[in-house]
Structure formats: structure tokens, C-alpha cells
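1. Here's a sequence, model it:
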Amino acid sequence: MAMIHTLPFPTLVKEADLIVIARVADKVPIPQGEQKYPQLKNVLVIEQVLKGTRRQNEPIAILTVDTRGKWKEDAVTFPNKGQRVVLFLSGSGDSLRIVNGIQGVWPLEDGTDKTLGMGFRYSIRQIEEEIAGSRGRQSTPKGNR
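-> Below is the predicted model:
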């Protein structure tokens with residue numbers, strides 16, 4: 001029996017180059033071709049950047065396994081079109097990856113900023129505080145810690 005290795009919250013924030021709140025704009029199946037599993041191109045539009053540099057309203061695309069609407073344990077899935085998520089991403093440009101699989105995708109409850117999924121114990125405010133705190137820790141000389 002395998003389980004996801006959950007990162008501590010500060011590590012999740014630290015390992016993300018980009019943390020955004022985004023809205024799911026589209027979910028496009030990719031023809032399988034020679035790939036072992038069918039894939040989905042998840043197109044998201046950035047609503048707010050919490051960490052990193054990207055423009056608001058900029059679209060980003062994340063590839064995931066197409067589970068054909070069936071639940072698959074530990075598979076990264078995005079909510080339906082129009083719904084919002086907090087994303088913890090690493091990489092840059094068009095090479096963005098989700099930090100630690102399903103732990104890096106936090107759906108938001110419809111009409112609110114309440115985090116769900118693996119982020120259900122946290123809030124957007126806590127993410128912002130951790131980002132601010134980690135910036136302060138980075139600028140502190142080692143001898144003063």
C-alpha cells in the first residue's frame with residue numbers, strides 16, 4: 001500500500017516557484033497516439049499571483065492523465081470549467097509542474113476562497129503569511145537565525 005508523501009506546508013510554499021489562484025477555462029482531451037495513458041490539457045486563467053511572476057488573466061496549461069471522469073487515487077484532477085483552484089507550481093515559462101502531485105492543487109469552494117482538497121486546513125491568508133515569512137527568513141543572515 002503506497003501513500004503520497006505529504007510535504008510540510010512551509011516546504012510546499014518554499015518549493016513552489018509560482019503560487020496562483022486560477023480559474024479552470026477548459027479541459028481538452030489530447031489524442032492518445034503513442035502515449036501509454038490518455039491526457040488532458042487543463043487550461044487555467046490566472047486570477048491572482050501570490051508568489052512568483054506571471055500576469056493576471058494569463059492562461060497556463062497543465063497536462064494531467066485523463067481519468068475519463070472516473071476517480072483514480074492520487075491522480076491530479078482539476079475541478080470543472082469555471083471553478084477556481086490554488087496552484088503550487090515549479091518551473092517556468094511553458095514548463096510548469098505541480099508541486100507534489102495532488103498536494104499542489106487546492107480547489108476553492110464555489111463562491112468563496114475556502115480551500116478544499118489537501119488544503120482544507122489552510123487559507124489563502126495563511127499562504128500569503130508563509131510567503132512573507134519565508135522571504136524574511138531568506139534575507140536573514142545565517143549567523144542571526
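2. Quick check: phi and psi at K27.
-> The phi and psi values for K27, taken as degrees, to the nearest 10, are phi -130, psi 110.
3. Go ahead and confirm it touches N42.
-> Yes: between K27 and N42 there is a contact at 5.5 Å, judged by C-beta atoms under 8 Å. Backbone N, C-alpha and C define where each C-beta goes, glycine included.
4. for this structure, what spans make up the helices?
-> 9-15, 124-139 (DSSP state H).
5. of all the ones you listed, which gets the most neighbours per residue?
-> Most buried of those, by mean neighbour count (mean count of other C-beta atoms under 10 Å): helix 9-15, with a mean of 16.
6. Let me see the contact set for the spatially most central residue of the chain.
-> Closest residue to the average C-alpha location of the chain: L87 at 2.1 Å, with C-alpha atoms, centre = their mean. Counting by C-beta atoms under 8 Å, 6 or more residues apart in numbering, L87 touches 18-22, 44, 62, 98, 104-106.
7. Now do the same contact list for V24.
-> 42-44, 78-85 are the contacts of V24 under C-beta under 8 Å, 6+ apart.
8. among these, which are in strands?
-> Among the contacts of V24, the members falling in strands (DSSP state E) are 42-44, 84-85.
9. Closest one to P8 out of those residues, please.
-> V85 (20.8 Å; C-beta to C-beta).
10. Where does the prediction get shaky in the chain?
-> 1-3, 35, 69-73, 136-145 (pLDDT under 70).
11. circling back to that earlier point, shared neighbours of K27 and N42, anything?
-> In contact with both K27 and N42: F78, using C-beta under 8 Å, 6+ apart.
12. So if I had to pick from the two, which one is more boxed in?
-> N42 (23 against 17; other C-beta atoms under 10 Å).
13. measure the more buried one to T115 for me?
-> 18 Å (C-beta to C-beta, to the nearest Å).
14. same check, this time on D66
-> In terms of C-beta to C-beta, D66 sits 25 Å off from T115.
15. Name only those of the contacts of V24 that count as buried.
-> 42-44, 78-79, 84-85 (16 or more other C-beta atoms under 10 Å).
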